[in-house]
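Asks: The sequence isn't on hand, but the structure is:
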């Protein structure tokens with residue numbers, strides 16, 4: 001790739017400097033987004049508060065980089081002093097568009113857990129220190145169910161904290177890690193130990209791609225528990241197809257983790273169907289490796305159908321807490337598993353594609 005980058009680099013910008021600028025920029029706009037300018041335009045056109053806030057945060061991040069660097073030594077001091085975590089670490093995962101964001105918001109709103117806020121996204125080197133200095137007192141019940149492709153609004157809104165996971169998995173979020181070095185496992189343990197020490201609560205995090213490497217994280221974090229979402233194949237396929245268009249502007253560009261051997265062709269529907277089947281296989285493998293006590297498979301439709309039952313199950317089985325008899329407002333809870341009417345022609349094509357792939361036909 002070096003010759004390609006050198007060929008297209010402006011003559012007044014040396015290649016190493018251009019690479020550094022790109023790396024800095026992608027701390028706030030992931031490298032998987034092929035057209036950041038087009039994405040920004042689509043975010044503004046959506047008029048979605050969470051989308052516009054995400055854009056503001058991405059623009060603010062580089063401006064706060066000097067302060068982030070200044071706080072980094074204090075951050076590392078927290079890690080060095082941290083004991084190993086003793087409380088559960090709840091990690092939400094599953095395919096993109098499977099309902100992981102709503103599920104995380106539901107648990108944050110109703111369980112005694114800490115979570116990573118949007119404030120940490122503009123301090124990727126010192127997220128814990130930034131929260132301790134700038135984070136205001138917030139209530140779990142203030143977390144809303146509004147989001148835009150996993151992004152929430154407000155500095156206290158939940159954040160995936162993928163910039164933290166990049167420390168251990170690398171910045172290429174399309175690559176599935178095969179192993180974690182001892183130093184990486186120790187760094188992960190120290191981080192979550194520092195987080196628990198700071199908050200005094202179990203930690204809840206979300207990273208969709210953890211369903212591909214949960215066994216590695218489980219080895220590093222003995223108290224980690226994974227909640228993996230599954231969703232109706234057709235509904236998920238329709239949502240992924242919309243995501244490709246609304247985020248990338250082009251249906252042939254993948255959204256979410258794809259199979260390593262998948263060659264994206266001219267048929268987005270087939271690509272997406274293979275992507276969904278790949279994630280189903282990942283979930284089954286992790287369930288076999290970790291068992292149902294550490295890797296909990298959940299249907300998103302079941303979460304929407306009975307939010308209280310799901311929350312109380314996690315409270316009891318994962319946190320070991322007693323049941324909570326307080327009211328859960330049914331209006332603010334998740335109510336629907338799809339946002340738009342389905343296209344019968346497209347739905348029929350998706351169903352036939354799943355059937356053909358399942359039979360092993362090319």
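Replies: Yep, that arrived. Predicted, not measured: the structure shown is a model, and the values here were computed from it. Numbers count the residues shown, from 1 in each chain.

Asks: Strands of the stretch 151-300 of the chain, start to end?
Replies: 203-206, 224-230, 295-299 (DSSP state E, counting those that start in this stretch).

Asks: The shortest one pairs with which strands?
Replies: Strand pairing for strand 203-206, using DSSP bridges, gives strand 89-93 (parallel), strand 114-115 (parallel).

Asks: in the helix or strand following the shortest one, what's buried?
Replies: Using DSSP states H and E, the next helix or strand after strand 114-115 towards the C-terminus is helix 127-134. When neighbours are counted by 16 or more other C-beta atoms under 10 Å, the buried residues of helix 127-134 are found to be 127, 128, 129, 130, 131. For the C-beta atoms, the positions are set from N, CA and C on the backbone; glycine is no exception.

Asks: Out of those, flag the one nearest to residue 267.
Replies: Using C-beta to C-beta, residue 127 is the member of these that lies nearest residue 267, at 40.2 Å.

Asks: Leaving out chain neighbours, which residue sits closest to residue 71?
Replies: Nearest residue to residue 71, sequence neighbours excluded (C-beta to C-beta, 6 or more residues apart in numbering): residue 126, at 3.7 Å.

Asks: Can you pull the phi/psi pair for the one you found?
Replies: phi -140, psi 60 (degrees, to the nearest 10).

Asks: can you count the residues close to residue 85?
Replies: Neighbours of residue 85 under the rule other C-beta atoms under 10 Å: 22.

Asks: thought it was touching residue 225?
Replies: No - applying C-beta atoms under 8 Å as the test, residue 85 and residue 225 come out as separate, 11.8 Å apart.

Asks: and residue 299, bridged to which residues?
Replies: residue 230.

Asks: Distance of residue 71 relative to residue 168?
Replies: 20 Å (C-beta to C-beta, to the nearest Å).

Asks: Check residue 249 too.
Replies: 31 Å.

Asks: which of these two has more neighbours?
Replies: Applying other C-beta under 10 Å to residue 249 and residue 168 shows that residue 168 carries more neighbours, namely 19 against 15.

Asks: wait, doesn't residue 255 sit right on residue 249?
Replies: No - using C-beta under 8 Å, residue 255 makes no contact with residue 249, being 11.2 Å away.

Asks: circling back: tell me which of the buried residues of helix 127-134 is nearest to residue 190?
Replies: residue 128 (10.9 Å).

Asks: residue ranges with poor pLDDT in the stretch 101-250 of the chain?
Replies: 136-142 (pLDDT under 70).
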